[in-house]
Structures are given as structure tokens and as C-alpha cells.
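K.L.:
Below are the sequence and a predicted model for it; my questions follow.
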Amino acid sequence: MELGDLVRTARQIRRDIVTMIHAAGSGHPGGSLSSADFVTALYFHKLRHRPEDPCWEERDRVIFSKGHVAPVLYAALARSGYFPVEDLDGLRRLGSHLQGHPCTCTPGVEVGTGSLGQGLSVAVGMAMAAKLDGKPSLFYCVNGDGELQEGQIWEALMAAGHYRLDNLLTFIDYNNLQIDGEVEKVMGIAPLADKLRAFRWEVVGVDGHDMAALVAALDAFPRNDGKPTAIIGRTVKGKGVSFMENIPGWHGKAPNDEQYAQAMRELADPEV
Amino acid sequence: MVQTYGKKPTRMGYGDGLLKLGETDPRVVVFDADLAKSTTTDWFAEKYAERFFDAGIAEQNMLGMAAGMSLLGKVPFVSTYGVFVAGRAWDQIRTTICYSKLNVKIGGMHGGVSVGPDGATHQALEEITIMRVLPNMTVLSPCDYHESYKATLAAAEIAGPVYLRFGREAVPIISTPETPFEFGKAARWREGKDVALIATGHMVYHALAAAEALAGEGVSALVLNVHTIKPLDEEAVLAAAAQCGCAVTCEEHQTTGGFGGAIAELLAKRRPTPLRFIGVQDRFGESGQPDELFEEFGLSAKFIVDAAREVMQAAKK
């Protein structure tokens, strides 16, 4: 996909996110919107996968460790062709395969997540298994910044460095907001890059909304240097919807009808 | 006297089972959390080094790594003490492993007060309760070395998460390599008609000893070995309860929500039957010698005999 198409796709994904959360009446727009550009670059530029054959053995795997951003995952899966886009209307409804947090009942979801801090370990185990069998798949994880407060994350970071998992990449959605406020005020994680390097990771810092930079960072992976890669994406929580941007209150709240209409206007494709 | 064939810790049945699986099942990988000598996974590690992973003292990540391995077709056996795996990593077992029905096997050692001098922190008394409550989970609690070996092999063949409970101490071997072991089926190890002693783990031995003592008083006790706690062999338990009209459950574990709890739930629902519960009664373990602790916590055969007399009396009313 060309850069322009990726940017357009990211806008479509953002519209999907806001639309499904509005329809569901609940959900997590803030982090879904902040990670939307990376998720678009990953699914529509980098990932080796076959949406028509979700269990293709050689596929790359993606684990959403920050499971509450299920809407961005579901939008990416639907737009990739894993299931009909109309399914997105079922988000969080009884009987739908689109649970409030990722579940393996959705085609393309590798493992259930939602209790923060657990997904990176799963990605580590997958990457270890691939190394053991000499399999070429690559492994991607999406972590939140607040999520890094979980102790298990640091166990997983340690293990990935220890086992020299250069087939593993995690994207850290560094929007600096969590439910109770600014990450640095709640429980600081800085200096993050230094910490990750100390845990034997290759660290790449990018503007998490610069599609060209995200593509370049993904293209540089894998490096085959015995080190796992962390992309620290500096992002804006709620990115793309002016009244949601940088407001912790939009972590887990649905827009009302009026707000929804405004968000759709802001996320519309520009007239050509 | 109960027929025995020496003594061995059940955890060694796990270690030998893993060795066998190393040879027969290339999917099997083994994880430990810095306790490989104690859990006996060091036997596997020595022979199959490339398939052994020491997670260090980091149990939650160990469960997650095992989950990831299972998603690529491996059959990981995760090994450490019961308190550190079932307790500390409970949410990982629940949300990452059971919710996605991942093929991860969990070997939990040091179940029960018979761990001895290390005391309460290391004596796992709650795993049956907190593992059996999880959807998709299978819970196995073998009675001796040979049954532990067979349960370990069986676990590799079960699709989905399995918790295996083992003990630290050498306990009497009461079966042979030829004794049948069928996953999901409770086994009647002694026929009887007056009282059913429904036991799990190495309490089966103590139940058999109690049955011998009761026979001396003219009481005929049935002994049911329930090695598969979940899924519970409901028909076997109901048949034993129906035949005897009263029962005593025996476990080296909290009875609250534990094995006794599982039997009580079933009987309350399908066949209300007078019951007594041998097990730990809502208290933490303590340091001491295993046999002393068995007396202190009311677990040995004489307590089972007392409970049997009491429940038979209650059943007559």
C-alpha cells in the first residue's frame, strides 16, 4: 500500500473505531485512536498474513497486550478481510464475536487479552517457539505506556533480551495518559528508552502519527542482531478527534450523538 | 495392612513422566522457575536441554511464555510450587490460558502440609479450589508415584489446560505400573457398603488405612480414588454415595471449595448424602515434621475413622 493509501486507511480505521464505540455505547476510544496509525502500518504494510486463511501456519502474529484497544484491532481485521465490516456493528453485544476485549472467537485474534501486562509474555513465548523450530514468522506486540507499570512486563522484557529474540517487535503507544491521569504523575515510567536498552532491547523512537516514520521503523525490522525491537511511538490519546485529544476522560467512554457527528466530520476524507 | 511398594515423592512421577514424553512427544517443552532440582524437571533438562527453559524467578512471565509456545504447537509443561503457580500466576492462568483454552500443562509441586518445615508460605492448600473454578481447566491429583507418572503422560494427550498436583514428601506407593489409570474415571480401590471414603492424592493411602481399621470394627468401607477432580466422575461418586448412604471426603487441602467442596456440590445437587470432610479447616499450614503435621491438622487414618463413625451415625438418624 502506498503512503497516501495508508493515511487514508488510518482515517477509515479511526472512523470505524468511533462508529463502533458510539453504536455500542461503551468502549475505549482514546488508546484505539492513539495506536491507529501504527496498527494501520502494521496490518496494511508490514504483516505477512492471509486474512482468508487466519490459521496459516507461517503467518506473522500480533498480540494486543493492551486489550482494551480492541476497537482498533477489530477495525484493522475487518478492513483486512478477516470478517465482514458489518460485524463491527456487533461490538460488545450479546452473541457477537466482537467481545469488549479481544477473544479467540474473533478470526485473526491469536489470544485473549485485557488483563494488562500479559500479552508481551505470550509474544515472547511465540518468538521462542519459532526460534526453536527455525520458523520464519515474526511476532508483534502492542503495549500501552500505562501498562508498563505491570511487573510482568519487565519479566517479559528481561526474557526477550535474555533469549535474544530479534524476531520480536513491540510497539509502545506512549500517549502519556492513563485512566487516573498523566502516566508520569500516576507512576512514572521515564526514562523509558534507557530502561528498555538496559534490558537489552533495540529502541526506536518515532512520532507515532507519522506514517512514513512508522513504515520506516517497521521496514528496519528484523535486524537479525540478537535483540528484540521496541518502537516507542510518541502519540496523542484520542488522536484525530479534537475534543478527545489529550483528555484522560476519553480513555473509556462512548461519544453521544452530537459528539459522534462532530467526530465524523473531523475524520472525513478531505475533498479532492 | 495396606499393600505398599516402598515410598517415593509424587513429584518424581512427574519428572519421570516428562522424561518419557521427551522421548515420545517432540511437541513437549518444559519450563521451570528456578526450582528444577526440587520439581525434578532437571532430569528432563539434562537430556533435552534445547527443550528446557528456566524462566528464572518470574512465574507470571513463565505462564505467558508457555501460552505463547502452545500457540505455536508446543505442549509446554510449566513447573514450580503450587503456591507460586496457582496463586501468584492465577490471573495469567485464568485470562491468558483458560479463556483461550491454551494447551498448557501446569505441574504444581508441594501440595499440602506434608511439605513440612518450610511452613505455611510453601504449603499449597488452595490450588484445587482456585484451579477447578476456572472454565476449560482440567485438574488431576494423583495418589502415588506410578499414578503421577501416568497422569503426566495423560496430560500431554488432553487438549487444553491441565493442572497437576504433586507433593514434596516420599509417600507410600500403593499401585504398580500395571494398575489401570483412566483419565476422568474415579477408581474403586476397595469395595464396601457402610461408608464411602472418597479420597484424592496421597490421602487415598490414608483412606485405605482407615478402611482397614474400620474393617477391624466390622465396618465395611468403600474407597474411591478420585485422581481426576475436574472433570469429576459424577456417576462413580453418586454410585458410591448411593451404595453406602454416607461418605467422608479426604484431601490434604482446604476443604472449603476444594475436593470436599466439589463432592458436596455434586451430592447436594443430585443425591443429598450425609458427609464429613477430612482436610485443612480454614487455617494456614505450619512448620513441623510431615507426620506431626498430619496429626496436628487431623488428616491421618484415625481421623478418617472417627469421621466415618460420626457420619454413619448421622446417616442412621
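P.N.:
Sure thing, it's come through. Numbers count the residues shown, from 1 in each chain, chains lettered A, B, ... in the order given.
K.L.:
Could you look up the SS state of residue 107?
P.N.:
Picking chain A for this. coil (DSSP: H, G, I helix; E, B strand; the rest coil).
K.L.:
switch to chain B, that's the one I care about
P.N.:
With three-state DSSP as the basis, B:Gly107 sits in strand.
K.L.:
Specify the beta-bridge partners of it.
P.N.:
B:Ser79, B:Leu164 (DSSP bridges).
K.L.:
If you tally nearby residues, what's the number for it?
P.N.:
B:Gly107 has 32 neighbours, counted by other C-beta atoms under 10 Å in any protein chain shown. Using the backbone N, CA and C atoms, a C-beta is placed for each residue, glycine as well.
K.L.:
My guess is B:Ser220 contacts B:Lys193. True?
P.N.:
Yes: shown here, B:Ser220 and B:Lys193 form a contact pair, counting by C-beta atoms under 8 Å, at 4.9 Å.
K.L.:
Just give the number of residues close to residue 94.
P.N.:
All of this refers to chain A. 5.
K.L.:
try again with chain B
P.N.:
For B:Arg94, the neighbour count with other C-beta under 10 Å is 20.
K.L.:
do the same with A:Trp201
P.N.:
A:Trp201 has 21 nearby residues by other C-beta under 10 Å.
K.L.:
Repeat that for B:Thr80.
P.N.:
Other residues lying near B:Thr80 total 29 when counted by other C-beta under 10 Å.
K.L.:
residues contacting it?
P.N.:
By C-beta atoms under 8 Å, 6 or more residues apart in numbering or on different chains, the residues touching B:Thr80 are B:32-33, B:35, B:39, B:59, B:62, B:107-109.
K.L.:
again, but for A:His162
P.N.:
Going by C-beta under 8 Å, 6+ apart, A:His162 touches A:Arg200.
K.L.:
Quick check: it vs B:Val219, distance?
P.N.:
Distance from A:His162 to B:Val219, counting by C-beta to C-beta, to the nearest Å: 59 Å.
K.L.:
again with B:Phe294
P.N.:
22 Å.
K.L.:
what's the answer for A:Lys227, then?
P.N.:
Computed as C-beta to C-beta, the A:Lys227 to B:Val219 distance reads 69 Å.
K.L.:
got it, and A:Gly30?
P.N.:
68 Å.
K.L.:
gap between the two ends of stretch A:78-96?
P.N.:
14 Å (C-alpha to C-alpha, to the nearest Å).
K.L.:
got the buried residues for that stretch?
P.N.:
In terms of neighbour count (16 or more other C-beta atoms under 10 Å in any protein chain shown), stretch A:78-96 has its buried residues at A:78-80, A:82-83, A:87-88, A:90-92, A:96.
K.L.:
from the residues you listed, which ones fall inside strands?
P.N.:
Residues from the buried residues of stretch A:78-96 lying in strands, with DSSP state E as the criterion: none.
K.L.:
Which members of those residues are the farthest-apart pair?
P.N.:
A:Ser80 and A:Arg92 (20.9 Å; C-beta to C-beta).
K.L.:
which SSE is the residue positioned nearest the centre of chain A in?
P.N.:
Geometric centre of chain A, nearest residue: A:Val142, 4.3 Å, by C-alpha atoms, centre = their mean. Assigned by DSSP states H and E, A:Val142 belongs to strand A:139-144.
K.L.:
Report the buried residues of that strand.
P.N.:
A:139-144.
K.L.:
Restricting to C-alpha, output it in CSV.
P.N.:
C-alpha atoms of strand A:139-144 as CSV (Å, rounded to 0.1, in the frame of the first residue of the first chain):
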residue,chain,number,x,y,z
PHE,A,139,6.0,-11.5,16.2
TYR,A,140,4.4,-8.2,17.0
CYS,A,141,3.0,-6.8,20.3
VAL,A,142,1.1,-3.7,21.1
ASN,A,143,1.7,-2.3,24.6
GLY,A,144,0.4,0.7,26.3
